[in-house]
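> Quick one, structure for this:
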Amino acid sequence: MSGLDPQVVKQMMDASDNAPHAQAKGERFELLLKYVFESVPNTLVVHNSASFLGSEQIDLAVANRGGFPGLPDKFLVECKNYSDPVDSKAVGYFLYICLSRSAELAVIVASNGLTGDNDELTHAHSLAMTAQALRCRLVVLTRDDLLGLANEQDLVDLLEERHLAAFSTGGIGA
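Numbering: from 1, shown residues only. Predicted structure coming up:
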């Protein structure tokens, strides 16, 4: 991949938003995030994998081969292009998947954020404390974050800052 182009991000976001049904909207959003993460050099992305028994689906698995210097070697990404904030049930299920794989970083890309309040750790935000105690940090990116990326280094910096925020606060890196 030769780098992140903000125009491509915008076009892919529009394609997801204008998809004819929810499944197509989700699939196009996942492809957008695959493009975004693959834009970072020394990064390998596996899209749409399933658990051994087929009971769990992973949107993106990312192998960090040095492209994200401050992040773990491997992490999982959940892509949610919902019109509303993502609720605690969806966040909890994703964290369960991450914890069952001993992932140290869980990234949720939620177009409209999560339910609850990050400062008060309510609703979906409260789950980050439990995950943190089990050595998994939760980072959230939003639609505005994606549309604000000028290049792949912006993504690297943003994820590293959010990861550090999750580490230092014991909550969500948001």
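> all contacts plus neighbour counts: C-alpha atoms, from now on.
OK.
> Show me what the helix or strand containing residue 139 is packed against.
With the criterion set as DSSP states H and E, the secondary-structure element containing residue 139 is strand 137-141. Here strand 137-141 touches strand 105-110, helix 127-133, helix 152-169, going by 3 or more CA pairs under 8 Å, 6 or more residues apart in numbering; DSSP states H and E.
> go again using 7 Å as the cut-off
Where contact means 3 or more CA pairs under 7 Å, 6 or more residues apart in numbering; DSSP states H and E, strand 137-141 is packed against strand 105-110, helix 152-169.
> Hey, what's the angle from that strand to helix 152-169? Just curious.
140 degrees (axes from the mean of the first three to the mean of the last three CA atoms, to 10 degrees).
> Tell me the buried residues in the helix or strand of the chain with the lowest mean pLDDT?
Using mean pLDDT, DSSP states H and E, helix 127-133 stands out as the lowest-scoring helix or strand of the chain, at a mean of 75. Of all the residues in helix 127-133, those buried under the rule 16 or more other CA atoms under 10 Å are 127, 128, 129, 131, 132.
> so how far is it off the chain centroid?
Counting by CA atoms, centre = their mean, to the nearest Å, helix 127-133 is centred 16 Å from the centre of its parent chain.
> Quick one: residues in contact with that helix.
Helix 127-133 has contacts (CA atoms under 7 Å, 6 or more residues apart in numbering) with 92, 95, 137, 138, 170, 171, 172.
> Then stretch 103-111?
Residues contacting stretch 103-111 (CA under 7 Å, 6+ apart): 72, 75-82, 86, 95, 98, 135-143.
> Buried ones from the residues you listed, can you make that a PyMOL selection?
Burial among these is assessed by 16+ other CA under 10 Å; the matching PyMOL selection reads:
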select buried, resi 72+75+76+77+78+79+80+81+86+95+98+136+137+138+139+140+141+142
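> Going by distance to residue 46, which of the buried residues of helix 127-133 wins?
Using CA to CA, residue 131 comes nearest to residue 46 of these, at 23.3 Å.
> if I look at the closest one, how far off is residue 139?
According to CA to CA, to the nearest Å, residue 131 and residue 139 sit 11 Å apart.
> got it, and residue 22?
On the measure of CA to CA, residue 22 and residue 139 end up 24 Å apart.
> Check residue 60 too.
Remark: distance between residue 60 and residue 139 (CA to CA) = 14 Å.
> Brilliant, that's me finished.
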